[in-house]
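Peer 1: Sequence and predicted structure below; questions after.
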Amino acid sequence: MILRVANTICAEQWRYWLRTKVAATVLMLGAVLTLAALVVNAFHIEEAAHAREHLQHKAEERFKAQPDKHPHRMVHYGHYVFRAPTPLSVIEPGVDTYTGNAIFLEGHRQNSAMFAEQRQSAGLTRFSSLTPSFLALVLAPLFIILIGYGSVSREREAGTLTLLLSQGTSRSQLLLGKLLALAAASAVFLMPLLLACFYVAFSGESASLVALFSVSYAVYFLLWTVVVTACSALFEKSSASFTILIVIWMSACVLLPRLGSSVATNLAPSMGKLEADFKVEEKLRSLGDGHDVNDPAFKKLKQDLLAKYNVDSVDDLPVNFRGVVAQYSEQRQAEVLSEFAENRMQQELEQAHIARQFGWLSPTVAIRSISTVLAGTSLETHHRFLREAEALRLEFVQGLNKVHVEKLDYKLDMNRNASEEAADKAVVDASNWALLAEFKFEPEKSAVRISNANLYFLQLLFWVGITVLLLRIAVRRLNP
């Protein structure tokens, strides 16, 4: 009986919306925008995935195809690595849009990721691109408000609320019917996202993770339908409910995410790039110049090496002392660079964690955190890309330094600048470049991503509890 009455009210509400040009326009506009954003983003992601995979193979082929050279020239020739987009980045590009997706690896340096579409300091909450996630998190709630802000208050203003209640329709039946109608309208915006998730599930992503991702967005949409319906019931005039709902939307979708980013930056300030670069350079200079075997920083290394092989001169060593210095210097430089890089990443993570705590104040922040973590486009995933790229950089640079130590004569190496003929002799065979390992970055396993999102699921459940409480208050206070 309850559902039958509620369905009748739902159908009547839909007839009203279809007769109203504003409601019909908003429904059509929201659906078209979401579908268009998904299609455009899907083509972009597909193209980017193929392009980066192709470029990765080309970079590896070009490195290995280099002719006979001095091994240290190959250290500076360097190598590129690329991060392919994840399947769910079709919906949620996350930090990928501004952190960069390629890194140039070379000796003595840790370069930043390049080729980002846009930039933002701290990189915590970017809501500027017309991506599917932006439409779902920010614009879809606004569309729901525009459609449903007067669903109950309109009945009161028209005098039909008294008639409905006097004819035996209960408050619960009335609000349930209005809620079902608005939920169906929300499904118009949600359906393209669900279709995209269905597509992603067949593109190599975990089905359980995609299902959880879909449910999270569905719950978020349902939260807004409940808030809109409850506010429409609590306020006597449509203008009042519309004003309050716009304030709620501005706070939850715009102000609090931005405030979270600002608060995080102030509570966990990070060192500026210029200041950090100066500190890194200062620390590296104290380690000595790896290109100069006579640098005082390598005096003890030289003494230890002579004692180890029981010889009096580096000329008598069975290994190339220049290569030993390069290998030793690179290892120490890598330790310093990694120390600064880890400090920077910890600062960024601390900022991100502070900003994400605003999910207790805004469901938009909570679902944003869930979305990026499950999609594999979070800050943590980007940091893992940086670490894996650095591991590859150090591996191939030290591999070349090992070739320098073992396969290049020290005297030829020292005299390579004496003439063009000497330079031609101070080389090693190109077969040594095969030491470069293939690079293929993968996001975290689905179980890990789900585990990392547990706190944000709790935030979303907290908001479910808040909206249920709000709906119960609206039912009790609904009066003609």
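Peer 2: Yep, that arrived.

Peer 1: pretty sure P132 is touching V90, no?
Peer 2: Yes: assessed by C-beta atoms under 8 Å, P132 is found in contact with V90 at 7.3 Å. C-beta: built from backbone N, CA, C; applies to glycine.

Peer 1: longest helix in the chain, by residue count?
Peer 2: In the chain, taking DSSP state H as the definition, the longest helix is helix 21-64.

Peer 1: For whatever helix or strand comes next after that one, buried residues please.
Peer 2: Per DSSP states H and E, the first helix or strand lying C-terminal to helix 21-64 is helix 71-77. For helix 71-77, the neighbour count (16 or more other C-beta atoms under 10 Å) marks P71, H72, M74, V75 as buried.

Peer 1: Helix 71-77: what's the following helix or strand?
Peer 2: Trace forward from helix 71-77 with DSSP H and E and the next one is strand 79-82.

Peer 1: now for the next helix-or-strand element following that following strand, which elements pack on it?
Peer 2: Scanning forward in sequence from strand 79-82 by DSSP H and E, the next helix or strand is helix 96-99. The criterion is 3 or more C-beta pairs under 8 Å, 6 or more residues apart in numbering; DSSP states H and E, and the helices and strands that helix 96-99 contacts are helix 379-407.

Peer 1: So which bits of the helix it packs on are buried?
Peer 2: Neighbour-count burial for helix 379-407 [16+ other C-beta under 10 Å]: 379-386, 388-390, 392-394, 396-405.

Peer 1: Check which helices and strands it sits against.
Peer 2: Helix 379-407 is packed against helix 71-77, strand 79-82, helix 96-99, strand 102-106, helix 321-356, with contacts defined by 3+ C-beta pairs under 8 Å, 6+ apart.

Peer 1: average pLDDT for it?
Peer 2: Predicted confidence along helix 379-407 averages 95 (mean pLDDT).

Peer 1: Pull the distance from whichever helix or strand comes after that helix to the chain's centre.
Peer 2: Going down the chain from helix 379-407, the next helix or strand is helix 410-414, by DSSP H and E. Here helix 410-414 is found 48 Å from its chain centre; the criterion is C-alpha atoms, centre = their mean, to the nearest Å.

Peer 1: what's the very next helix or strand once past helix 410-414 in contact with?
Peer 2: With elements assigned by DSSP H and E, the helix or strand that comes after helix 410-414 is helix 420-425. Applying C-beta atoms under 8 Å, 6 or more residues apart in numbering, the contact partners of helix 420-425 are H70, L412, N415, R416, N417.

Peer 1: continuing past helix 420-425, what's the next helix or strand?
Peer 2: Counting by DSSP H and E, the next helix or strand C-terminal to helix 420-425 is helix 446-452.

Peer 1: Using PDB, list the CA coordinates for stretch 251-259.
Peer 2: Only the C-alpha atoms of stretch 251-259 are listed here, as PDB (Å, rounded to 0.1, in the frame of the first residue of the first chain):
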ATOM      1  CA  SER A 251      29.800  24.900   1.000                       C
ATOM      2  CA  ALA A 252      30.100  21.100   0.300                       C
ATOM      3  CA  CYS A 253      31.200  21.200  -3.400                       C
ATOM      4  CA  VAL A 254      33.300  24.300  -3.700                       C
ATOM      5  CA  LEU A 255      34.200  26.100  -0.500                       C
ATOM      6  CA  LEU A 256      35.100  23.200   1.800                       C
ATOM      7  CA  PRO A 257      37.300  21.300  -0.700                       C
ATOM      8  CA  ARG A 258      39.200  24.500  -1.400                       C
ATOM      9  CA  LEU A 259      39.400  25.300   2.300                       C
END
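
Peer 1: and that stretch, which residues are buried?
Peer 2: In stretch 251-259, counting by 16+ other C-beta under 10 Å, buried: A252, C253, L256, P257, L259.

Peer 1: try stretch 148-160
Peer 2: For stretch 148-160, the neighbour count (16+ other C-beta under 10 Å) marks G148, Y149, G150, S151, V152, S153, R154, E155, R156 as buried.

Peer 1: now swap in stretch 4-23 and tell me
Peer 2: For stretch 4-23, burial by neighbour count (16+ other C-beta under 10 Å) applies to V5, A6, I9, C10, Q13, W14, W17, A23.

Peer 1: Over to stretch 434-450?
Peer 2: Using 16+ other C-beta under 10 Å as the test for burial, stretch 434-450 gives L435, L436, F439, F441, P443, E444, S446, R449, I450.

Peer 1: now swap in stretch 457-474 and tell me
Peer 2: F457, Q459, L460, W463, V464, T467, L470, L471, A474.

Peer 1: Helix, strand, or coil at the second one?
Peer 2: Same thing as Q459. Three-state assignment for Q459 (DSSP: H, G, I helix; E, B strand; the rest coil): helix.

Peer 1: quick one: it and S166, what's the gap?
Peer 2: For Q459, the distance to S166 equals 42 Å [C-beta to C-beta, to the nearest Å].

Peer 1: where does this protein dip in pLDDT?
Peer 2: 1-2, 117-129, 480 (pLDDT under 70).

Peer 1: one step back: return the list of helices and strands in contact with the longest helix of the chain.
Peer 2: For helix 21-64, the elements it packs on are helix 2-19, strand 79-82, helix 132-134, helix 140-148, helix 171-201, judged by 3+ C-beta pairs under 8 Å, 6+ apart.

Peer 1: The ones you listed: which one's closest to E339?
Peer 2: Of all the helices and strands packed on helix 21-64, it is strand 79-82 that lies closest to E339, at 21.5 Å by C-beta to C-beta.

Peer 1: Partner strands of the closest one and their direction?
Peer 2: Strand 79-82 pairs in its sheet with strand 102-106 (antiparallel), by DSSP bridges.

Peer 1: what sits up against the strand it pairs with?
Peer 2: 52, 55, 75-83, 111-115, 386, 389, 392-393, 396-397.

Peer 1: in the stretch 201-350 of the chain, which spans are helices?
Peer 2: Assigned by DSSP state H, counting those that start in this stretch, the helices in the stretch 201-350 of the chain fall at 207-234, 238-249, 256-267, 273-285, 299-309, 321-356.

Peer 1: most tightly surrounded among those?
Peer 2: helix 207-234 (a mean of 22; mean count of other C-beta atoms under 10 Å).

Peer 1: Run through the neighbouring helices and strands of it.
Peer 2: For helix 207-234, the packing partners by 3+ C-beta pairs under 8 Å, 6+ apart come out as helix 140-148, helix 171-201, helix 238-249, helix 363-375, helix 446-452, helix 454-477.

Peer 1: Is there a neighbour count for the closest residue to L3 other than its chain neighbours? I'd like the number.
Peer 2: Closest residue to L3 apart from its sequence neighbours, by C-beta to C-beta, 6 or more residues apart in numbering: L176 at 7.9 Å. When neighbours are counted by other C-beta atoms under 10 Å, L176 registers 21.
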